[in-house]
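Participant: 3D, please:
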Amino acid sequence: MQGASADKVGFKKVLTTMAVLQAGLLYTLTLVAGHKALFTLWVCLIAFMYGGNFALYPTASMDQFGKTYAGSNYGVIFTAYAVAGVVGALLKGDLEKAVGGFEHLTFLLGGVCTTGALLTFFVKPKMQ
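Facilitator: A predicted model of the protein is given here:
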């Protein structure tokens, strides 16, 4: 779905929209935590946004850096994503304690997504 949307309107708009939606979901995750069905829906939507990045990053990589090194560039991006996932999982408990609990952690991560959405406005088209 995200890939098809990016083909129609461009990866930047879709990536920004996904980051904003994920931020909203993270900001409100603790509000729905008491409702099993809503909490499950929120978590699934967050995972959907997370997975959508894999559909967008190849296009974004080629648009920004060209097709010549598309495979190796995407390999670096994919590897960084994997490393960040492992490091994030390892640091989650300590980070949760440092910020004062799960509620604050979801808000912090929502802030990271908001920052990511704002940073997309600085992405310029590739120089020809």
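
Participant: going forward, measure contacts and count neighbours with C-alpha atoms only.
Facilitator: Noted.

Participant: Now do the host helix or strand of residue 95, average pLDDT.
Facilitator: According to DSSP states H and E, residue 95 maps onto helix 70-99. The pLDDT scores in helix 70-99 average 90.

Participant: The helix or strand just after it to helix 70-99, inter-axis angle?
Facilitator: Sequence order places helix 102-119 as the next helix or strand after helix 70-99, per DSSP H and E. If you take axes from the mean of the first three to the mean of the last three Cα atoms, to 10 degrees, helix 102-119 sits at 140 degrees to helix 70-99.

Participant: Quick check: mean pLDDT of helix 102-119?
Facilitator: Mean pLDDT, computed over helix 102-119, is 92.

Participant: And for stretch 54-65?
Facilitator: Here stretch 54-65 scores 84 as its mean pLDDT.

Participant: go on, stretch 39-46?
Facilitator: Stretch 39-46 carries an average pLDDT of 95.

Participant: what separates it from the chain centre, distance-wise?
Facilitator: 14 Å (Cα atoms, centre = their mean, to the nearest Å).

Participant: And stretch 37-49, by the same measure?
Facilitator: 14 Å.

Participant: List the buried residues for that stretch?
Facilitator: Residues 39, 42, 46, 49 are the ones in stretch 37-49 that count as buried (16 or more other Cα atoms under 10 Å).

Participant: Which ones among the residues you listed lie within helices?
Facilitator: Counting by DSSP state H, the part of the buried residues of stretch 37-49 found in helices is 39, 42, 46, 49.
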